[in-house]
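Trainee: Sequence plus predicted model, see below.
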Amino acid sequence: MSVLVTFHCGGCLAVAPGTDALRREFRSLSGRTYGIGGAISVNSIEGITPEGWVAYDPYTFATYCPECWAEIVMPEGEEAKP
């Protein structure tokens, strides 16, 4: 089973699909495809975040597109470099 993730910017209306689906797989303690065991995550949100996007802002845990994140972390008075 997989879960498709769409990233929505917390600072504007930008939207981007994840680079892969979130997946879990069953891992049996005996190494078979059935029996006693459990589901483990194959990948993480951080691993499927589109390039330049911030999945979890370290201060508020919000999601930002590259443009909004650049505005947040850019020192006041500086301009973006092309």
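Mentor: Perfect, I can see it now.
Trainee: Quick check: residue 25 vs residue 58, distance?
Mentor: Look at residue 25 and residue 58: by C-beta to C-beta, to the nearest Å, they are 30 Å apart. All C-beta spots, glycine's among them, are computed from the backbone N, C-alpha and C.
Trainee: ok, those two, which is more surrounded?
Mentor: residue 25 (10 against 6; other C-beta atoms under 10 Å).
Trainee: Give me the spatial nearest neighbour of the more buried one, chain neighbours excluded.
Mentor: Excluding its sequence neighbours, the residue lying closest to residue 25 (C-beta to C-beta, 6 or more residues apart in numbering) is residue 42, at 5.6 Å.
Trainee: Residue 6: neighbouring residues, count only.
Mentor: Neighbourhood size, residue 6 [other C-beta under 10 Å]: 8.
Trainee: That one contacts residue 19, doesn't it?
Mentor: No: shown here, residue 6 and residue 19 do not form a contact pair, counting by C-beta atoms under 8 Å, at 11.6 Å.
Trainee: pLDDT score for residue 34?
Mentor: For residue 34, the pLDDT comes out at 63.
Trainee: pretty sure residue 48 contacts residue 22?
Mentor: Yes: Residue 48 lies in contact with residue 22 (C-beta under 8 Å); the separation is 6.6 Å.
Trainee: can you list residues touching both of those two?
Mentor: Taking C-beta atoms under 8 Å, 6 or more residues apart in numbering as the contact rule, residue 48 and residue 22 both touch residue 5.
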